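>>> okay, sequence plus prediction incoming.
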Amino acid sequence: MPTERERFLRLMNGVLDAMRHEAMFVGATLHADPENDTRFLLHETWQSHEDVLSVQLARPYREEWHAALPDLLAAERKISIWQPLRSDLSV
């Protein structure tokens, strides 16, 4: 929803700013679709999938974000778990 883009980003940035301090956090990248500035992809990497499900998703800093999702999302969000095969960084 274009009118909610700034609210979405404010809430998402708050979650990202908080979760980067978690012990099990490895990294996250928030992407914006270049053809639709209201479509986003968040790629998170954590040390433990179980920790994400049992601990991280219930963190208080996520409450406002989760509560706002019904108003912010134009369609149901899609969550998938991928297994990394390779990761490269510049040398």
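Noted; the coordinates are in hand.

>>> make it CA atoms for all contacts and neighbour counts henceforth
Will do.

>>> give me the contacts around stretch 21-37.
2, 16, 19-20, 38-48, 51 (Cα atoms under 8 Å, 6 or more residues apart in numbering).

>>> hmm, try it at 6 Å
Stretch 21-37 is contacted from outside by 39-47, using Cα atoms under 6 Å, 6 or more residues apart in numbering.

>>> closest one of those to residue 66?
residue 42 (14.6 Å; Cα to Cα).

>>> what's the helix or strand for that closest one?
strand 36-46 (DSSP states H and E).

>>> partners of that strand in the sheet?
Using DSSP bridges, strand 36-46 pairs in its sheet with strand 25-33 (antiparallel).

>>> what comes up buried for the partner strand?
Neighbour-count burial for strand 25-33 flags residue 25 (criterion: 16 or more other Cα atoms under 10 Å).

>>> can you say which of the contacts of stretch 21-37 are buried?
Counted by 16+ other Cα under 10 Å, the contacts of stretch 21-37 give 45-46 as buried.

>>> what's the offset of the strand holding residue 42 from the middle of its chain?
6 Å (Cα atoms, centre = their mean, to the nearest Å).

>>> please begin residue numbering at 12 from this point
With 12 as the first residue, the last one maps to strand 47-57.

>>> mean confidence score for whichever helix or strand comes after that strand?
Using DSSP H and E, the helix or strand that follows strand 47-57 towards the C-terminus is helix 60-65. Per-region confidence: helix 60-65 scores 93 on mean pLDDT.

>>> next structured bit after helix 60-65?
Defined by DSSP H and E, the subsequent element after helix 60-65 is helix 74-83.

>>> tell me the buried residues in that following helix?
Applying 16+ other Cα under 10 Å to helix 74-83 flags 76, 83 as buried.
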